[in-house]
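Chemist: structure here, sequence nowhere to be found:
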C-alpha cells in the first residue's frame with residue numbers, strides 16, 4: 001500500500017492548503033484528539049467529531065500506517081465540580097459515570113476504541129510539573 005500512502009493528501013488548517021501527508025516517522029502516525037469534559041451526556045457535536053476522527057484513524061490504518069490514537073478524558077474541571085455540587089455527587093464519580101456513558105455512545109456509533117484513553121485525574125502530577133516548568137497549552141487561534 002506504499003503507493004496509496006504517497007497519494008494521501010489532507011487539508012492543513014494552519015497553512016489553509018491541501019498538502020501531502022508526511023508523517024514525522026516513516027510508517028507511523030501519532031494522533032491526539034481532545035476528548036470530552038465528562039460532566040453530562042454526549043451530544044450530536046461529540047458524535048460528529050469523534051466519528052470523523054474514527055474515519056481518519058481507520059483510513060490511516062487501511063493505508064498501512066501504524067497508528068497510535070490517543071483520546072483523553074477531562075474528568076477534573078470546574079464544570080464537573082459545579083455539576084457535582086448541584087447533584088451532591090463526588091466529582092470523580094460523576095465524571096466517571098459520564099466517561100462510561102461516552103464510551104457506550106462511541107460503541108453504539110461503532111467507533112473503534114483509541115490506543116490510549118488517559119484521564120486527567122490520573123496525570124495530575126505530570127500536568128502540575130509541566131505547568132511549573134512553563135509549558136502551557138497555546139491555542140493556534142490566538143497566533
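Modeler: Here it is on my side, so go on. These numbers were taken from a predicted model, which means no experiment stands behind them.
Chemist: closest to the centroid, which residue in the protein?
Modeler: For the chain, the residue nearest the mean C-alpha position is residue 33 (2.4 Å; C-alpha atoms, centre = their mean).
Chemist: show me the contacts for it.
Modeler: 49, 50, 53, 69, 70, 71, 72, 114 (C-beta atoms under 8 Å, 6 or more residues apart in numbering). For the C-beta atoms, the positions are set from N, CA and C on the backbone; glycine is no exception.
Chemist: can you tell me the SS state at the last one?
Modeler: Yep, that's residue 114 we're talking about. coil (DSSP: H, G, I helix; E, B strand; the rest coil).
Chemist: residue 8 versus that one, what's the distance?
Modeler: Residue 114 is 20 Å from residue 8, where distance means C-beta to C-beta, to the nearest Å.
Chemist: look up phi and psi at the residue nearest to the centre of the chain.
Modeler: phi -120, psi 130 (degrees, to the nearest 10).
Chemist: just residue 109 next, same as before
Modeler: Per-residue torsions, residue 109: phi -80, psi 0 (degrees, to the nearest 10).
Chemist: ok, it touching residue 50?
Modeler: Yes. Contact criterion C-beta atoms under 8 Å: residue 109 and residue 50 qualify, at 7.4 Å.
Chemist: which stretches of this protein form helices?
Modeler: Assigned by DSSP state H, the chain shows helices spanning 2-7, 44-62, 78-87, 91-108, 124-132.
Chemist: distance from the third one to the middle of the chain?
Modeler: Going back to what we said before, that points to helix 78-87. Its chain's C-alpha centre lies 23 Å from the corresponding centre of helix 78-87 when counted by C-alpha atoms, centre = their mean, to the nearest Å.
Chemist: in terms of secondary structure, what does it contact?
Modeler: Using 3 or more C-beta pairs under 8 Å, 6 or more residues apart in numbering; DSSP states H and E, the elements in contact with helix 78-87 are helix 91-108.
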